[in-house]
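J.: sharing a model that was predicted from the sequence below.
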Amino acid sequence: MSSTNIVTRSRWLLAFGILALYMGNRPAYSQSARAETPYIVEWVYQVNWGYFDDWYTLFKKYQIPILDKEKEEGIVTKYIVQKGGGHQLGEDTRWDLRVLIYYKSREAQAGASGTAQKLFPDQETYRKEEQQRWRLTKAHWDRPLTEVDPHVERAESLTGLWNATIDVNGTEIPFKIEFSGDGTNVKGWFFNGADHENSTGGKFENGSLVLNFDTYASVLKATLKAGALDGEYSTRGKPLLIHAVRAVPQPPSKVQAPDISGLWYLENVTSTKKGEKAWQFIVQQQGAEVSGAILRVDGDTGTLTGSYQDGKFVLSHFSGGRPALLVIAPQSDGTLTVDLKGQHHEGVITAVRPEQARAKGLPEPTDANQHTAVKDPAKPFNFSFFDLNGKIVSNTDERFRGKVLLINVTGSWCPNCHDEDQFLPAIYKKYRDRGLEIVALDFEEPEQLADPTRLKALIREYGIEYTVLLGGETSTAKEKLTQARDWDSWPTTFFVGRDGLVKAVHSGFPSPGSGELYQKEKEEFTAEVESLLAGDQRTSR
């Protein structure tokens, strides 16, 4: 080792030693450990040749009394001091002193500062002599250690972020899932942009994972083997294959990606059953990274995320529902070809800017405020269904008289309904004292009607305090919503004025992935409620 390197390292060690002195003499470690788990730290020192006796005298004068005091206080359970083998090991590999310290816990070690100040009131002399010890130190390592039992197979933790795929009709759709904890405390969550879809229970034992997502009545079962998770995600009776491996941090992409941010229209959407001819597609972009959503009349795809690679943007989404894969290829004429798989449409669609679409006379996306109406605006919107306590609730009940009423047609199986279910509770809390009521008419599968566990989990998850009624099976909704005309979207909200008549109808609801379209929809929704609250006080009930 050159003399220049020795001087540089000595200066660094001296700076480190001085910093340690002012921080209470103990290095801080970033490793995490459970409070009840012993925390082992190894100190290793290499002393400048010929100065070990001077160095060791100072070490024993200060560091040994500190360790003894910490042992007396129960911070340290034991410590072991070992002397090294000297120069026969070679200058780069030798060590002169090694100390193994067994702390009661990581938290005990972190709280051990201040002992030196208590033991050595003459802090000026203490710092001066410790600085001298660091000058005599050529190299030094502080390392946390973990004891292992070679006779016991240590279970691998799932904690952290994983890259996963889900197989939907032969298409592998990438997504991310994160885990924390283990045993019966294991938790997992899918990502919907910045939002999480959290598990509600489960366990991870002996390499076998079971995670429940009660708000979707879904379960993830997988086995950890050779560093990979393989299994099934089952929802509404349909199992989908899952594969996952640990995520590896990637540096930011330096690829120069074309700018596709902003609003697009997806034209010639011929497979929709709702009579739509176009959808909205909104994109947020930062360099090669993109996110966005496709907004239909009934709601959106959830937040699609991805990046630019090999001349195309590849985006995907899965958050417990709405699996989708989007491959976008920019074209020379300024349009995009969009290949969508997994959700509502299979095949290639053309995306154009709204001004291009209008210039070409292409159809506009369906207006969610005009898609559905009522058959007779002069008649009330009648309903009479059981609540979750088995009590009949009707639109003619006294509690709704003279109130502004939102009638929300929904189902706990419906991801777009979940998007609105996260918005409505805040509206209700804000305006109920001014005369707003909300009634959710919930339609479910037969097994969920018999035992509505998913609906109850959703109510808990989103903090729903307004009235929720069981309308019946989803297949019967149209015949039971006798006043609705052209109704075919989950969710749909009917805005009823204080006179008991429907004043507006809104189909669908977007997620935050729709960006400014989501913000606009919330603002329009709120404005409609405020307008009705400030409106006619007469009642026809």
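T.: Right, received. Where do you want to start?

J.: tell me, what residue is most central in this protein?
T.: His196 (3.5 Å; CA atoms, centre = their mean).

J.: that residue contacts Gly188, correct?
T.: No. Using CB atoms under 8 Å, His196 is not in contact with Gly188, being 9.6 Å away. For glycine as for every other residue, the C-beta is placed from the backbone atoms N, C-alpha and C.

J.: quickly list what's touching both of these two.
T.: Among the neighbours of His196, none is also in contact with Gly188 (CB atoms under 8 Å, 6 or more residues apart in numbering).

J.: which residues in the stretch 251-400 of the chain form strands?
T.: With strands called from DSSP state E, counting those that start in this stretch, the stretch 251-400 of the chain shows them at 262-267, 278-286, 289-296, 299-300, 304-309, 312-317, 324-330, 336-343, 345-352, 373-374, 384-387, 392-394.

J.: to Lys503, which of those strands lies closest?
T.: Proximity to Lys503, assessed across the strands of the stretch 251-400 of the chain by CB to CB, is greatest for strand 373-374 (9.7 Å).

J.: what packs against the closest one?
T.: strand 484-485, strand 502-507 (3 or more CB pairs under 8 Å, 6 or more residues apart in numbering; DSSP states H and E).

J.: quick check: which ranges of the stretch 301-450 of the chain have low pLDDT?
T.: 343-346 (pLDDT under 70).

J.: and Leu224, what does it touch?
T.: With CB under 8 Å, 6+ apart, Leu224 has these contacts: Glu156, Leu158, Gly207, Ser208, Leu209.

J.: what's downstream of whichever strand or helix holds it, the next helix or strand?
T.: Here Leu224, judged by DSSP states H and E, is contained in strand 218-225. Using DSSP H and E, the helix or strand that directly follows strand 218-225 along the chain is strand 228-235.

J.: buried sites along that next one?
T.: Within strand 228-235, the residues that count as buried by 16 or more other CB atoms under 10 Å are Leu229, Gly231, Tyr233, Thr235.

J.: helix or strand with the lowest mean pLDDT in the chain?
T.: helix 3-22 (a mean of 43; mean pLDDT, DSSP states H and E).

J.: and the chain, what are its domains?
T.: Residue ranges of the domains in the chain are recorded as 3-145, 160-246, 262-359, 373-533, according to automatic domain parsing.

J.: would you mind checking the average pLDDT for the second one?
T.: It refers to domain 160-246. Across domain 160-246, the average pLDDT comes to 94.

J.: same question for stretch 45-55.
T.: 91.

J.: now it: buried residues?
T.: Tyr45, Gln46, Val47, Asn48, Phe52, Trp55.

J.: how far is that stretch from where the chain is centred?
T.: Relative to its chain's centre, stretch 45-55 lies at 52 Å (CA atoms, centre = their mean, to the nearest Å).

J.: mind listing what's buried in whatever helix or strand Val529 lives in?
T.: Val529 belongs to helix 516-533 when assigned by DSSP H and E. Buried residues in helix 516-533, defined by neighbour count with 16+ other CB under 10 Å: Leu517, Tyr518, Glu521, Lys522, Phe525, Glu528, Val529, Leu532.

J.: now the residues you listed in CSV, with distance to Asp486 and pLDDT?
T.: Output for the buried residues of helix 516-533, formatted as CSV (distance: CB to CB, whole Å; pLDDT from 0 to 100):
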residue, distance to Asp486, pLDDT
Leu517, 22, 95
Tyr518, 24, 96
Glu521, 20, 96
Lys522, 24, 96
Phe525, 20, 97
Glu528, 19, 97
Val529, 23, 97
Leu532, 22, 97
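
J.: tell me the bridge partners for the closest residue to His196 other than its chain neighbours.
T.: Using CB to CB, 6 or more residues apart in numbering and skipping residues adjacent in sequence, the residue nearest His196 is Trp189, 4.2 Å away. Beta-bridge partners recorded for Trp189 (DSSP bridges): Glu178, Asn198.

J.: I figured Trp189 hits Gly181, correct?
T.: No. Trp189 lies out of contact with Gly181 (CB under 8 Å); the separation is 11.7 Å.
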